[in-house]
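> next come a sequence and a model predicted from it.
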Amino acid sequence: MRSFASNLHGHGVPHGDRRVCIRSQPTPVVGFQSAPRRRPEYVPNKIEDSNYVRIFDTTLRDGEQSPGATLSIKEKLEIARQLSLLGVDVIEAGFPISSPDDFAAVKEIAMQVGNDVQEDGYVPVICGMGRTVLKDLERTWEAVRHAKRPRVHMVLATSEIHLKHKLKMTRGQVIENAIAAVKHLQSMGCYDIEFCAEDASRSQPEFLYEVLGEVIKAGATTLNIPDTVGWSMPPEYQSLIAGIKANTPGVENVVLSTHCHDDLGLAAANSLAGVMAGARQIEVCVNGIGERAGNASLEQVVMTMALKGEEQMSGMWTGINPVYIYPASRMVSSHTGMMVQPHRAIVGANAFLHECGMHQDGILKHRETYEIMSPETIGLERTGGLVLGKLSGRKALVTRLQQLGFELQPEELNEVFQRFKSLADKKKTGITDDDLLGLVTGDRDEAVQWELTDLQVVHGTLGIPTCRIGLKGPDGIIRVSESVGTGPVDAALKAINNLVQVDAELMDYNVNACYNGMAEGSQVPATTTVTIRPAGANKQHEHVSTETYRGAKVQRTFTGTTVLITYIV
C-alpha cells in the first residue's frame, strides 16, 4: 500500500549533513492510524470514501512561479518522480502554453510518471494549467493527454476587481467564456476538467454560485476555490466553501478543491478549514513555495491530517506516504535554490532539535514531552536532537559528554560546565563535539590569540591573486605578511600561515548568502564558515583525542564562522 498508514519502508539515503532514512518497519507516532488503507479508485468527479482528501501538488506550476525558482526539464521530471513516491493524487506539472520548455516538461512527465502504474493501481493524475483561451486549452491538452489520467486545469477570474481591471469582461461574458472552454476541452477528448474561479474569496457569492453552477452543467469535474491573494481567515474560508456547497446547483456531482496562498500566513489553516466545510481536494506545494508569500505547504497539511484527521477532523485521511516528505523537501530546495528556513515546521533544520535545558531534560526522559511526531516518520533519521548552546542545561551537557565517552567527577563537571557556558555565550553556531573535546581536555584557550587588523586582496583576470594581511599577535605586536595563491582565499590563508607559523589543512570553506529575488546592489548577509585541522608534524601529535565513545583516535578540526554584509552585483 502507498498510503501514509502503511508508513515506513525502503532504505537509508545519505543527503547533506543529515541522513534521509526510509525505514523497513513502522515507527509509532501519536495519532497515526495503525492499519494500511487503500485509496479509493480514482473517478474524476467523485470520491467513494467521503473522508478521503485528494492531495493536488502544484510545486511544478505555482511553486515554479516563485521568483528565481526556474526549473529545467530534467529537474521537473525528478521532482515529479519524487511526488509520485510521496503518493500525491494529482501532479500539476506546469503551464504548457508559457514556453516550449514547459510544454516539453509537462509532456515528458505525462509520458513517464503519468504511466508508471504501481502494483496497488496507483498512478498520479497529470495536470496542466491554461487560461480559458482556446489555444491555451489545446496546448495544455496536447501536453497532458499522454498520461493514463490526464487533467486540464483552466483558470478564469470571478471577482469584480479582476473583471473590471484585468479581464475587461462583463459577468455574462465570463459565464459564456467558461462554458465554451469546458465544451472545447470535451470536444478534444478531455473529460477530467478542473475549473479555477480565480480570486474566489473576493468574489460576490451569488455570482460565484452562478458561474460554478454553469461550468458543472457544462461538464467540469473539479471546482477550484482559490484564496488567490491570501485574504481570508479560516472562518471566512470555511464559510465560503460551505456557502458553495449549499447554494451551487449540481455541486454534489463535483469535487471541491482548496487553493490557498500564504500572504497572511494562513494558507495551511485555511485549506484545512475548507476541508472541514466539504472540500475534498487540497492544492499544495512542497516547502510552501509559490507566488509571493507562497502556497499551502504540503508537509504541514499532510502531517496535520495524519496526526489530527481521525480525532479532530471526523476521520479525514490522505494517501500520502510521509517517509518521502523530507527527501522531497530537500530535492525541491536544491533544485529551486530556495532555502528552507531552519525554524520551518516539519522540514526545517530545527524542527526536531532542542536547545533549551528544560526541553532537553524532558526529551532525554521521554520523547513525547516535546515531540508530537518522530523525524523518522517523514524520512529523517534522528541524529540526537539536542543542540548545545547557551540555553542548554547541565543534564544535556552530561548526556552528550557520556555519548562521547567522558565520565567526569562533580568537580570536573562544574569546571567544564562553566567553561561551556562562557563559550556558548560567544558562539552563534552552537557547541560542536570538537568544542566539547577542547573543553574537557583543557587545551582550549578562549582568549584571542591573533586579531585581524588589516586585509587587502588583489584578484582579477590579468594577475596572480595576492593577499596582504596584518595580524596582532599574543604579544600585542602587529605583523604583516603578503602571499600569492591559486585564488584570493588560498592567498589569504597562506599569508595567515606565514604569521602564525602553525601548519594547517583547509577542510571546508563555505559562503552562503540568501539573495533570491533581490535586486542588483541590494545588501545581503553572507555567512562564511572555515574549517581547518592540523597538518604536517602537528597532525601526528597535537589535537588528537582517543577518548571518544568509539575508542578510536580522532583528529580534531577547528571551525570559525562569521556573518558580514555584502552586495549583489
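Perfect, I can see it now.
> how about residue 177: what's its closest non-neighbour residue?
residue 132 (5.2 Å; CB to CB, 6 or more residues apart in numbering). For glycine as for every other residue, the C-beta is placed from the backbone atoms N, C-alpha and C.
> same check on residue 235?
Residue 235's closest residue in space is residue 273 (CB to CB, 6+ apart), at 7.2 Å.
> same check, this time on residue 303
residue 346 (5.6 Å).
> which helix or strand contains the residue nearest to residue 235?
helix 267-276 (DSSP states H and E).
> same question for that helix, mean pLDDT?
What helix 267-276 shows for mean pLDDT is 98.
> what packs against that helix?
Packing partners of helix 267-276 (3 or more CB pairs under 8 Å, 6 or more residues apart in numbering; DSSP states H and E): strand 222-227, helix 234-247, strand 255-260, strand 281-284, helix 298-312.
> for these, could you give me TSV that also reports mean pLDDT and mean neighbour count?
Formatted as TSV, the helices and strands packed on helix 267-276 follow (pLDDT from 0 to 100; neighbours: other CB atoms under 10 Å):
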stretch	mean pLDDT	mean neighbour count
strand 222-227	98	25
helix 234-247	98	18
strand 255-260	98	26
strand 281-284	98	28
helix 298-312	96	22
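> JSON lines for the ones you listed, including distance to residue 453?
Converted to JSON lines, the helices and strands packed on helix 267-276 look like this (distance: least, CB to CB, whole Å):
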{"stretch": "strand 222-227", "distance to residue 453": "56"}
{"stretch": "helix 234-247", "distance to residue 453": "57"}
{"stretch": "strand 255-260", "distance to residue 453": "54"}
{"stretch": "strand 281-284", "distance to residue 453": "53"}
{"stretch": "helix 298-312", "distance to residue 453": "48"}
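> so which of those gets nearest residue 531?
Residue 531 sits nearest to helix 298-312 of all the helices and strands packed on helix 267-276, at 31.1 Å, using CB to CB.
> run through who's touching the closest one.
With CB atoms under 8 Å, 6 or more residues apart in numbering as the test, helix 298-312 has contacts from 4, 29-33, 53, 55, 57, 59, 86, 88, 268, 271-272, 275, 282, 284-288, 313, 315-318, 320, 322, 325, 328-329, 345-347, 372-373, 378.
> and the helix or strand that it is followed by, what's buried?
Going down the chain from helix 298-312, the next helix or strand is helix 325-336, by DSSP H and E. Neighbour-count burial for helix 325-336, counted by 16 or more other CB atoms under 10 Å, picks out 325, 326, 327, 328, 329, 330, 331, 332, 333, 335, 336.
> ok, the closest residue to the fourth one other than its chain neighbours - contacts?
Of all residues not flanking residue 328 in the chain, residue 82 sits nearest, at 4.8 Å (CB to CB, 6+ apart). Contacts were defined as CB under 8 Å, 6+ apart; by that measure residue 82 touches 324, 327, 328, 331.
> before we move on, what about residue 265?
Residues near residue 265 by CB under 8 Å, 6+ apart: residue 293.
> any idea how far it is from residue 233?
11 Å (CB to CB, to the nearest Å).
> before we move on, what about residue 128?
32 Å.
> okay, the two: which has more neighbours?
residue 128 (34 against 14; other CB atoms under 10 Å).
> for the more buried one, helix, strand, or coil?
Following DSSP: H, G, I helix; E, B strand; the rest coil, the label given to residue 128 is strand.
> surely it touches residue 145?
No: the pair residue 128 and residue 145 does not pass the contact test of CB atoms under 8 Å, sitting 9.5 Å apart.
> what's the overlap in contacts for the two?
In contact with both residue 128 and residue 145: no residue, using CB under 8 Å, 6+ apart.
> how far away is the residue nearest to residue 303 from residue 93?
24 Å.
> mind checking which of these two has more residues around it?
Between residue 346 and residue 93, counted using other CB under 10 Å, residue 93 has the larger neighbour count: 34 against 25.
> any idea which element that one lies in?
Residue 93 belongs to strand 90-94, assigned by DSSP H and E.
> that strand packs against which elements?
Partner elements for strand 90-94 (3+ CB pairs under 8 Å, 6+ apart): strand 54-57, helix 73-86, helix 100-112, strand 125-131, helix 134-144.
> among the ones you listed, which comes closest to residue 452?
Among those, helix 73-86 sits nearest to residue 452 (CB to CB), with 40.8 Å.
> now that closest one: how far from the chain's centre is it?
15 Å (CA atoms, centre = their mean, to the nearest Å).
> for stretch 315-328, same thing?
So, by CA atoms, centre = their mean, the centroid of stretch 315-328 is 14 Å from its chain's centroid.
> flag every buried residue along it.
Those would be 316-328, for stretch 315-328 by 16+ other CB under 10 Å.
> a markdown table for those residues, including pLDDT and distance to residue 497?
Listed next are the buried residues of stretch 315-328 as a markdown table, based on pLDDT from 0 to 100; distance: CB to CB, whole Å:
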| residue | pLDDT | distance to residue 497 |
| --- | --- | --- |
| 316 | 97 | 62 |
| 317 | 97 | 61 |
| 318 | 97 | 57 |
| 319 | 96 | 58 |
| 320 | 96 | 53 |
| 321 | 94 | 52 |
| 322 | 94 | 49 |
| 323 | 92 | 47 |
| 324 | 92 | 46 |
| 325 | 94 | 45 |
| 326 | 88 | 40 |
| 327 | 88 | 41 |
| 328 | 92 | 44 |
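> rewinding a little: contacts for the strand holding residue 93, please.
With CB under 8 Å, 6+ apart, strand 90-94 has contacts from 54-58, 60-62, 64, 76, 80, 83-84, 102-103, 105-106, 109-110, 113-114, 124-129, 143-144, 151, 153, 281, 283.
> could I have the buried ones of the residues you listed as ChimeraX selection syntax?
Here is the ChimeraX selection string for the buried members of the contacts of strand 90-94, based on 16+ other CB under 10 Å:
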select :54,55,56,57,58,60,61,62,64,76,80,83,84,102,103,105,106,109,110,113,114,124,125,126,127,128,129,143,144,151,153,281,283
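> quick one, helices of the stretch 451-569 of the chain?
488-500, 538-541 (DSSP state H, counting those that start in this stretch).
> mean pLDDT lowest for which of these?
Among the helices of the stretch 451-569 of the chain, helix 538-541 scores lowest, with a mean of 55.
> could you check the angle the strand holding residue 93 makes with strand 255-260?
Note on geometry: by axes from the mean of the first three to the mean of the last three CA atoms, to 10 degrees, strand 90-94 and strand 255-260 are set 60 degrees apart in direction.
> centre of the chain to strand 90-94, how far?
For strand 90-94 - counting by CA atoms, centre = their mean - the centre lies 18 Å from the chain centre.
> what strands flank that strand, and is each parallel or antiparallel?
When sheet partners are counted by DSSP bridges, strand 90-94 sits next to strand 54-57 (parallel), strand 125-131 (parallel).
> can I get those strands in CSV with mean pLDDT and distance to residue 229?
As requested, the strands paired with strand 90-94 are exported to CSV (pLDDT from 0 to 100; distance: least, CB to CB, whole Å):
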stretch, mean pLDDT, distance to residue 229
strand 54-57, 98, 20
strand 125-131, 98, 18
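> just so I know, which of those lies nearest residue 490?
strand 54-57 (44.4 Å).
> output that closest one as CSV, restricted to C-alpha atoms.
Presented in CSV, the C-alpha positions along strand 54-57 are these (Å, rounded to 0.1, in the frame of the first residue of the first chain):
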residue,chain,number,x,y,z
ARG,A,54,-7.0,14.2,-2.5
ILE,A,55,-3.6,16.0,-2.5
PHE,A,56,-3.1,18.1,-5.6
ASP,A,57,0.6,19.2,-5.8
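> still on that earlier bit, ranking the helices of the stretch 451-569 of the chain by burial, who's on top?
Mean neighbours per residue, mean count of other CB atoms under 10 Å, is largest over these for helix 488-500, with a mean of 18.
> contacting residues around it?
Counting by CB under 8 Å, 6+ apart, 450, 455, 457, 459, 465-469, 471, 473, 479, 481-485, 503-504, 506, 509 sit against helix 488-500.
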